[in-house]
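> Please find the sequence and the predicted model below.
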Amino acid sequence: NSGRIYALIGVVLILVTGLTLWLMGRVPICACGYVKLWHGTTISSENSQHISDWYTPSHMIHGILYYAILSKFARSLPIGAKSIIAIIIESAWEIFENTDFIINRYREATISLDYYGDSVLNSLSDIVFMALGFFLAARLPVWFSISFVIAAELFVGYMIRDNLTLNIIMLISPQEAIKTWQSGG
């Protein structure tokens with residue numbers, strides 16, 4: 001069954017990503033010594049260390065966007081092949097995101113002054129949540145995906161003064177006004 005083959009390839013890619021991150025020196029789990037399903041404090045040494053956090057919706061949005069882009073530009077590929085491409089892209093991002101270059105960029109340009117990178121567990125969870133977003137977009141109507149993206153961005157933005165859109169802006173072209181607003185000013 002080709003679905004099982006794609007699933008196996010996806011799992012292998014995720015495991016290779018985890019091994020790569022570990023070899024890069026990322027901690028397997030939070031240095032606090034325990035694993036939580038949810039960690040909701042963004043300005044904390046435990047942020048991006050557990051299974052899910054306020055940035056989890058942004059990874060689901062990645063999946064939705066990858067599905068939309070691949071459906072537009074790789075129409076002839078089966079859904080399994082598209083999902084593998086999405087996992088490769090997200091895995092590459094997780095590896096790049098945990099390089100000194102990006103970690104230092106987050107510290108310099110955003111409110112994440114104490115950010116030291118993701119745990120391996122958090123990075124792998126981010127990839128799984130991306131895959132969830134990808135498969136939801138594949139199965140549900142387009143209006144649901146669009147509604148989810150808008151609602152998630154607005155809700156997370158309201159709750160923590162950050163979201164995928166702001167994260168991208170602050171990484172590419174930091175804005176002092178956004179940084180001031182994010183820090184509560």
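Now that the structure is in, tell me what you want to look at.
> quick one: contacts for the most centrally placed residue in the chain?
Centre of the chain computed as the mean C-alpha position; nearest residue by C-alpha atoms, centre = their mean is His59, 3.4 Å away. Shown here is His59, whose contacts under the criterion C-beta atoms under 8 Å, 6 or more residues apart in numbering are 90, 126-127, 129-130, 133. To be clear about C-beta, it is placed using only N, CA and C from the backbone, and glycine gets the same treatment.
> Summarise which helices and strands the longest helix seen in the chain is packed against.
Longest helix in the chain, counting residues (DSSP state H): helix 2-23. Counting contacts by 3 or more C-beta pairs under 8 Å, 6 or more residues apart in numbering; DSSP states H and E, helix 2-23 packs against helix 79-97, helix 120-139.
> Which one of the contacts of His59 sits in the busiest neighbourhood?
Met130 (29 neighbours; other C-beta atoms under 10 Å).
> contacting residues around that residue?
For Met130, the contact set (C-beta under 8 Å, 6+ apart) comprises 59-60, 62-63, 66, 86-87, 90.
> what about the nearest residue to Tyr67 once chain neighbours are set aside, distance to Trp181?
In this structure, Tyr67 finds its nearest non-sequential neighbour in Ala137, 3.9 Å apart by C-beta to C-beta, 6 or more residues apart in numbering. Note on Ala137: its distance to Trp181, by C-beta to C-beta, to the nearest Å, is 30 Å.
> who's more crowded, the two?
The neighbour comparison of Ala137 against Trp181 (other C-beta under 10 Å) goes to Ala137, with 26 against 13.
> Tell me how far the helix or strand bottoming out on mean pLDDT in the chain lies from the chain's centre.
The helix or strand of the chain with the poorest confidence is helix 100-109; it has a mean of 84 (mean pLDDT, DSSP states H and E). Offset of helix 100-109 from its chain centre (C-alpha atoms, centre = their mean, to the nearest Å): 16 Å.
> With stretch 79-92 instead?
Put simply, stretch 79-92 sits 13 Å off its chain's centre (C-alpha atoms, centre = their mean).
> Ok, stretch 57-69 next?
With C-alpha atoms, centre = their mean, you get 9 Å for stretch 57-69.
> Can you check the pLDDT for the residue lying closest to Ser2 once chain neighbours are set aside?
Nearest residue to Ser2, sequence neighbours excluded (C-beta to C-beta, 6+ apart): Gly80, at 6.0 Å. pLDDT, the model's per-residue confidence, is 98 for Gly80.
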